[in-house]
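Chemist: what's the 3D shape of this:
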Amino acid sequence: RQDDAGVTAIIQCVAEDNAGNSYLAFHNGDGGNANERLRIDSNGVSKFKNATGGQIWLGGASAHNAKITITDNNGTGNGSLTISGPSGDHLRMLSNGQFRILGTASNDPLYIQGGTESNASIRLDGGASGTDNSRIESKYNLALACNGDGNQSGRSIRFYNNTSMLMDIASDGKTSIGTV
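Modeler: The predicted structure follows:
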């Protein structure tokens, strides 16, 4: 415990029950009040506390380090989770669940590996319950491409309804519609 003039800080072990379980509480303040800022409970869960909102940083503060920042907007719950690297913020999840990919330094700001022609790499389930329509939209032109590295032959862009192919655009530009 430190109670010097202008310095208020406490680290304490507090009993949770009569079975010997305890938590560690870390307090600091403004010279007059020591407020709890971190609690590590008996099962190892760390709880960061800041009544007026704030940030939790995991990682370095220099420009060469990556960091994860959890921000609460004055205790309103309207915060965000941000993953940053040396060139700035890269991914942000807003309090409404929306993800924003913020990369501009890469030719591929979103790279997903996995899936097959019959198993989706990206799946859209529209509406709050996943039972509504979905759409993909672009503010400007929308380009669909295959054979992105130029090393494949005979690739095509295909459109399906469930497992039935509706349209095939072959690598030579020939288009088949209907029974393909």
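
Chemist: got any ranges where this structure has weak pLDDT?
Modeler: 1-7, 30-32, 50-65, 72-77, 103-109, 179-180 (pLDDT under 70).

Chemist: just the helices in it please.
Modeler: Shown for the chain, no helices are assigned by DSSP state H.

Chemist: middle-most residue in it, spatially?
Modeler: In the chain, the residue lying closest to the centroid (C-alpha atoms, centre = their mean) is M93, at 4.9 Å.

Chemist: surely that residue is in contact with T71?
Modeler: No. Using C-beta atoms under 8 Å, M93 is not in contact with T71, being 10.8 Å away. Yep, even glycine has a C-beta here, placed from its N, CA and C like the rest.

Chemist: common neighbours of the two, please.
Modeler: Taking C-beta atoms under 8 Å, 6 or more residues apart in numbering as the contact rule, M93 and T71 both touch 80-82.

Chemist: dump these into a markdown table; add neighbour count and distance to I10 as well.
Modeler: Shown next, in a markdown table, are the shared contacts of M93 and T71 (neighbours: other C-beta atoms under 10 Å; distance: C-beta to C-beta, whole Å):
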| residue | neighbour count | distance to I10 |
| --- | --- | --- |
| S80 | 17 | 31 |
| L81 | 15 | 30 |
| T82 | 21 | 31 |
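
Chemist: tell me which of those residues is nearest to V45?
Modeler: For the shared contacts of M93 and T71, the minimum distance to V45 (C-beta to C-beta) is 18.0 Å, reached by L81.

Chemist: for that closest one, list each beta-bridge partner.
Modeler: With DSSP bridges applied, L81 shows beta-bridge pairing to I70, M93.

Chemist: one more: the one 4 residues further on?
Modeler: Residues in a beta bridge with G85, per DSSP bridges, are G88.

Chemist: does it touch T69 like I think?
Modeler: No. With contact defined as C-beta under 8 Å, G85 does not reach T69; the gap is 11.9 Å.

Chemist: would you confirm that T69 contacts G79?
Modeler: No. Judged on C-beta under 8 Å, T69 makes no contact with G79 at a distance of 9.5 Å.
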